[in-house]
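K.L.:
next input, structure requested:
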Amino acid sequence: MALGFKTRITDLLNIQHPILCGGMMHLADATYVSAVVNAGAMGFISALTFPDPEQLRDEIQKCRDLVRNKAFGVNLYISPRDDANNRLENLLSVVRDEQVAVVETAGGNPGQIVPFMKEAGIKVIHKVPAVRFALSAERAGVDAIILIGAECGGHPGYMMVGSMVQGAEGPQKLSIPVVLGGGIGHGSQLTAALAMGSEGVLMGTRMLVSEEIWAHRDYKKRIVEGTGLDSLVVQTTIKNHHRVLHNKTSEAVMELERQGARDYESFAHLLNGTLAREAYASGDTSQGLLDYGQSACFANEIEPVQQIISRFIDQAFSAAERLPAVLR
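P.N.:
Got it, this is the predicted structure:
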């Protein structure tokens, strides 16, 4: 009989492996998400990648066909800026109507979204950068928490708490399942996370070199060449900490911060997501704020999702097999 991991998160989501692959803006489409799901993990289509509700509906239906009715998810980013949530509101009804299995919410408080999703039988997993926010989300009724550490690509939160601290503290203080993210890219980290009490792990940066991601091959080659140390945390002056690839755009943002910029409008021309999408399409990684975490050190080749997940699980079991030799 093949060995596997059984946790509260595999039971909750009916998945083979306790692995979630987060919804990456512009990149997490039906092709990529279905590859993740068919490899035994859980993936999330990025809703805001498809601002037209009917585009999102088509992408959900395409994914459903590709996974042959297995469960998959949708990522819903709740902006801290109310004016930026207009697009999201138009997408919520599509997610509910299509009855996806689970949503990954992130950013602002999910309190208003939870009842709307639960009424349709959709599970809600909320992603937060600190335990204090996780406790609030638990009270709001979410089904599970993703705790991300400062090592993550994207938004690690202004407190910048490391994943080892999050992974040990979160399961002690929360009664619902905890998934650990931030710098995760090697299977031994799954074993460590489970040992600390988490129910699974989340990967983002590690998956950027997947064959199934539509981005230009030159972009993926840049990730392969990276070490994870070639990242910058920008937007700290407006408490919207953002770990990205070190390039011309991130340097320009940091220069504005050095000059004393303290409001979103000062940075708006550089934060435009169009720059990032153009970089993914062209392979020109000198432009755009490109989410990029420290787990890039594990992304050493461009390969199919199935191979990445399979190797990750093999590494996790190798780490687990080492433990009896060091236990007294």
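
K.L.:
and the helices in the stretch 151-300 of the chain, which stretches?
P.N.:
163-173, 187-196, 217-225, 248-258, 264-271, 273-282 (DSSP state H, counting those that start in this stretch).

K.L.:
that should have said the stretch 1-150 of the chain, apologies.
P.N.:
8-13, 30-38, 53-66, 86-98, 113-118, 131-140.

K.L.:
tell me the most buried of the ones you listed?
P.N.:
Comparing these by mean neighbour count (mean count of other CB atoms under 10 Å), helix 30-38 ranks first with a mean of 24. Yep, even glycine has a C-beta here, placed from its N, CA and C like the rest.

K.L.:
packing partners for that one?
P.N.:
Here helix 30-38 touches strand 42-46, helix 53-66, helix 305-326, going by 3 or more CB pairs under 8 Å, 6 or more residues apart in numbering; DSSP states H and E.

K.L.:
columns distance to Ala137 and mean pLDDT on top of these, output as JSON lines?
P.N.:
Formatted as JSON lines, the helices and strands packed on helix 30-38 follow (distance: least, CB to CB, whole Å; pLDDT from 0 to 100):
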{"stretch": "strand 42-46", "distance to Ala137": "17", "mean pLDDT": "97"}
{"stretch": "helix 53-66", "distance to Ala137": "24", "mean pLDDT": "96"}
{"stretch": "helix 305-326", "distance to Ala137": "27", "mean pLDDT": "95"}
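
K.L.:
can you put those in a markdown table and add distance to Gly182?
P.N.:
Shown next, in a markdown table, are the helices and strands packed on helix 30-38 (distance: least, CB to CB, whole Å):
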| stretch | distance to Gly182 |
| --- | --- |
| strand 42-46 | 17 |
| helix 53-66 | 26 |
| helix 305-326 | 16 |
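
K.L.:
among these, which is nearest Gly167?
P.N.:
helix 305-326 (14.5 Å; CB to CB).

K.L.:
picking that back up, could I get the helices of the stretch 151-300 of the chain as CSV with mean neighbour count and distance to Thr49?
P.N.:
Shown next, in CSV, are the helices of the stretch 151-300 of the chain (neighbours: other CB atoms under 10 Å; distance: least, CB to CB, whole Å):
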stretch, mean neighbour count, distance to Thr49
helix 163-173, 19, 26
helix 187-196, 21, 27
helix 217-225, 17, 16
helix 248-258, 17, 20
helix 264-271, 14, 16
helix 273-282, 16, 9
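
K.L.:
rewinding a little: nearest to Ser34, out of the helices and strands packed on helix 30-38?
P.N.:
helix 53-66 (3.5 Å).
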